[in-house]
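> What shape does this take:
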Amino acid sequence: STWTCTLGKMEVTLLVYDLSQGLARTMSMAMVGKQFDGIWHTAIVVHGREWFFGGGIQSAVPGTTQYGHPVQRVPLGRTHIPREVMEEFLEEISPRFTFETYHVLSNNCNNFSNELAVFLTGGGIPQHILDLPKEALSTPLGAMISQMLAPRTNQGGMGATPFQPASAQTTSPNP
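Next comes the predicted model:
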């Protein structure tokens, strides 16, 4: 398996997707006067699932979301934190990562991935990914369109399972 557990430590991997599908790399200089290699969407793979913020905290089988194939897999380290404890953490932070709280510039999938990475490994995701919105806003066009982008929302992943806090889950008898 690509996602492994070694000596009680679970691998934590950052998946990086380019939402522009290569257009940012080829067109950004001409369009905004600054080179951008991609428009990044990130997710954390741990405990056999891909965890991301898309209209709420979501999880899916790694590599099966609507974001396509990751352009990069970044090993972030290993964690001793069991899935149950991680899910308690996700329950705690879930009010800050909802459809309503999503903001393309300041509360997005990369902020979620960073927070989960810090919880699991003590270290965050690469800074250049977190800095992309600020870099984009530093361009004349970025400053002009920031108000237009602000209300943009991030929809959930096809085939993804919305995170359900344990306190919200109900059990029903099997037929």
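
> tell me which element the closest residue to V46 other than its chain neighbours falls in.
Among residues not flanking V46 along the chain, V12 sits closest, at 4.9 Å (CB to CB, 6 or more residues apart in numbering). Any C-beta I mention is one placed from the backbone N, CA and C, and that applies to glycine too. Here V12 sits within strand 9-18, counting by DSSP states H and E.

> which residues in this structure form strands?
All strands of the chain, identified by DSSP state E, fall at 5-6, 9-18, 40-46, 49-53, 57-60, 72-79, 161-162.

> Of those, which is nearest S94?
S94 lies closest, by CB to CB, to one member of the strands of the chain: strand 57-60, at 5.5 Å.

> Tell me which strands that closest one pairs with, and in which orientation.
If you go by DSSP bridges, strand 57-60 pairs up with strand 49-53 (antiparallel), strand 161-162 (antiparallel).

> Check which helices and strands the helix ranked longest in the chain sits against.
Determined from DSSP state H, the single longest helix within the chain is helix 109-121. Contacts defined by 3 or more CB pairs under 8 Å, 6 or more residues apart in numbering; DSSP states H and E place helix 109-121 against strand 9-18, strand 40-46, strand 49-53, strand 72-79, helix 83-93, helix 127-130.

> So, low pLDDT: which residues of this structure?
Low-confidence segments of the chain, defined by pLDDT under 70: 1-8, 25, 28-30, 32-33, 35, 142-175.

> Touching, K9 and T79? I think so.
Yes: applying CB atoms under 8 Å, one finds K9 in contact with T79, separated by 6.5 Å.

> So for these two, which residue has more residues nearby?
T79 (21 against 13; other CB atoms under 10 Å).

> what's near enough to touch the closest residue to L19 other than its chain neighbours?
Nearest-residue entry for L19: I39, 4.4 Å, with adjacent residues in sequence omitted and distances by CB to CB, 6+ apart. I39 makes contact with D18, L19, S20, A24, L132 under the criterion CB atoms under 8 Å, 6 or more residues apart in numbering.

> likewise P95?
P95 sits in contact with T101, where contact means CB under 8 Å, 6+ apart.

> cool, and the one 3 residues further on?
By CB under 8 Å, 6+ apart, the residues touching T98 are G55, G56.

> Just give me the neighbour total for T26.
10.
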